[in-house]
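1. Just need the structure, nothing else, for what follows:
(chains A and B)
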Protein chains: 2
Amino acid sequence: MTRAAEGRTRRAAGELTPVEARIMRAAVRLFAEQGFDGTTVQQVVDAAEVTKGALYHYFESKDDLLYEIYHSLIAIQLAGAERILAAGAGPAETVRALVVDLVETTAAHVDEAAVFGREMHKLAAERMAAVRADRRRYHEAFRGVVERGQREGVFRAEPPAETVTLVALGVVNQLPSWYRPDGPKPPGQLGAEIADFVLAGLRPD
Amino acid sequence: MTRAAEGRTRRAAGELTPVEARIMRAAVRLFAEQGFDGTTVQQVVDAAEVTKGALYHYFESKDDLLYEIYHSLIAIQLAGAERILAAGAGPAETVRALVVDLVETTAAHVDEAAVFGREMHKLAAERMAAVRADRRRYHEAFRGVVERGQREGVFRAEPPAETVTLVALGVVNQLPSWYRPDGPKPPGQLGAEIADFVLAGLRPD
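-> The predicted structure is shown next:
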């Protein structure tokens, strides 16, 4: 296993060394300001105040950096979903916990989410497939909870579970366009309000 | 008024000459393939098979093109909202009509919506302000209908109208990431399913 591949495995478990974290913060800022195409590895190296060797010790390429910016967020969110599902609460409580966790983690990484939303189409096919697989996993876990609630009769049967999932995850994926860290409502409250509204649409008649 | 400014006024009314339409189609395709920064005016001219003079007759700059790609869509949607609101139906019927119209028009211009979502942060400040004003106008019109329904008691009072609006418009703004023109459900059906779910969350107890 190469050093960079080892880094990927470790980061997939949510672990970041301080140097990796510094490199990724610099990359997020530069990609946000200049775009992915407009940023060179040398600029990331300079901004992070590391050597090029250090960067390539952790990351294979600029593509790898863009991928990790997203992956560091979705890995946290998938781990959150696993924890929430393992707690074994009922469908309504589970939907609420998933939405609140998604809003809180996206708000805490809003620059990463914004940059990735704009630049993800630049990823090479293999990386893009990995991103899509992660997103699909989350999407299907969420839809599964809705379907279970509908089977158990605690949710209304009419709304297609797929539509409910697109609506609930859509507002979170759009968060970078409307969320302000200095806004009046903290992320936990925004998440609870969104969850309440989604659950209201699922109340049985 | 300059020729390019005249074009802007005319396009704001939803009118496009065949040459403008050809230039904008070429620009959407190139921006989608190469990004906004990676595309030159000369490439747009070549792809549209027009002269550079013809392009500058209609558009002041590449920024103008990116703006118009979005503006041609939001202008249709704002006109749709005006028509729907003028019809004077009740809040539920109005919310349904707005959501269906938004989904249908976004699906019909999904490449424009995708390119714009990715590249809008490149717009100069003045244009960005115009985009934000248009989006805010739509957002406030939608929220106004929700608030009216809540005041009249036909909608549940609990969900903040702002949250309802973020949820309903969020799924539409995310449409480029999930909509497939060859998918099993036509846009009108997708819009109706989303509208039904939003309205279910607004049913009074």
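
2. nearest residue to residue A:16 other than its sequence neighbours?
-> Taking Cβ to Cβ, 6 or more residues apart in numbering or on different chains, and ignoring the residues beside it in sequence, residue A:16 has residue A:72 as its nearest neighbour in space, at 6.9 Å. From N, CA and C alone the C-beta is placed, and that goes for glycine too.

3. err, residue A:202, not the other one
-> Counting by Cβ to Cβ, 6+ apart, residue A:155 is the residue found nearest to residue A:202 once chain neighbours are left out, at 4.1 Å.

4. tell me which element the spatially most central residue of chain A is part of?
-> For chain A, residue A:74 is the residue whose C-alpha lies nearest the centre (Cα atoms, centre = their mean; 3.5 Å). Following DSSP states H and E, the helix or strand that holds residue A:74 is helix A:62-86.

5. Also residue A:32?
-> Using DSSP H and E, residue A:32 sits in helix A:18-34.

6. Show me which residues of chain A sit near chain B.
-> Counting by Cβ under 8 Å from any Cβ of the partner chain, chain A comes close to chain B at A:35, A:37-38, A:117-119, A:121-122, A:156, A:158-160, A:163-164, A:166-167, A:169-174, A:177-178, A:190, A:193-194, A:196-198, A:200-203.

7. Give me the contact list for stretch A:139-147.
-> A:81, A:85, A:91, A:94-95, A:98, A:155, A:161-162, A:164-165, A:168-169, A:202 (Cβ atoms under 8 Å, 6 or more residues apart in numbering or on different chains).

8. got TSV for those, with secondary structure too?
-> Shown next, in TSV, are these (DSSP: H, G, I helix; E, B strand; the rest coil):
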residue	secondary structure
A:81	helix
A:85	helix
A:91	helix
A:94	helix
A:95	helix
A:98	helix
A:155	coil
A:161	helix
A:162	helix
A:164	helix
A:165	helix
A:168	helix
A:169	helix
A:202	coil
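
9. Can you select the buried ones from those residues in ChimeraX?
-> Buried members of those, defined by 16 or more other Cβ atoms under 10 Å in any protein chain shown, are picked up in ChimeraX with:
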select /A:81,85,91,94,95,98,155,161,162,164,165,168,169,202
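
10. Just the residues of chain A next to chain B: which are in strands?
-> Judged by DSSP state E, strands contain none of the residues of chain A next to chain B.

11. So which of those sit within helices?
-> Using DSSP state H to define helices, the subset of these located there is A:117-119, A:163-164, A:166-167, A:169-173, A:177-178, A:190, A:193-194, A:196-198, A:200.

12. Any buried residues in the longest helix along chain A, and which?
-> Taking DSSP H as the criterion, chain A has its longest helix at helix A:125-151. Across helix A:125-151, burial judged by 16+ other Cβ under 10 Å covers A:127, A:130-131, A:134-135, A:138-139, A:141-143, A:145-147, A:149-150.

13. and what of stretch A:101-110?
-> Buried-residue list, stretch A:101-110, by 16+ other Cβ under 10 Å: A:101, A:102, A:103, A:104, A:105, A:106, A:107, A:109, A:110.

14. among those, which are in helices?
-> Among those, the members falling in helices (DSSP H) are A:101, A:102, A:103, A:104, A:105, A:106, A:107, A:110.

15. so where's chain A shaky on pLDDT?
-> A:1-6, A:8-14 (pLDDT under 70).

16. my guess is the residue nearest to residue A:16 meets residue A:112, correct?
-> Yes - between residue A:72 and residue A:112 there is a contact at 7.1 Å, judged by Cβ atoms under 8 Å.

17. Compare those two and say which is more crowded by neighbours.
-> residue A:112 (23 against 20; other Cβ atoms under 10 Å in any protein chain shown).

18. measure that one to residue A:32 for me?
-> Applying Cβ to Cβ, to the nearest Å, the value for residue A:112 to residue A:32 is 9 Å.

19. And for residue A:204?
-> Taking Cβ to Cβ, one finds residue A:204 at 44 Å from residue A:32.
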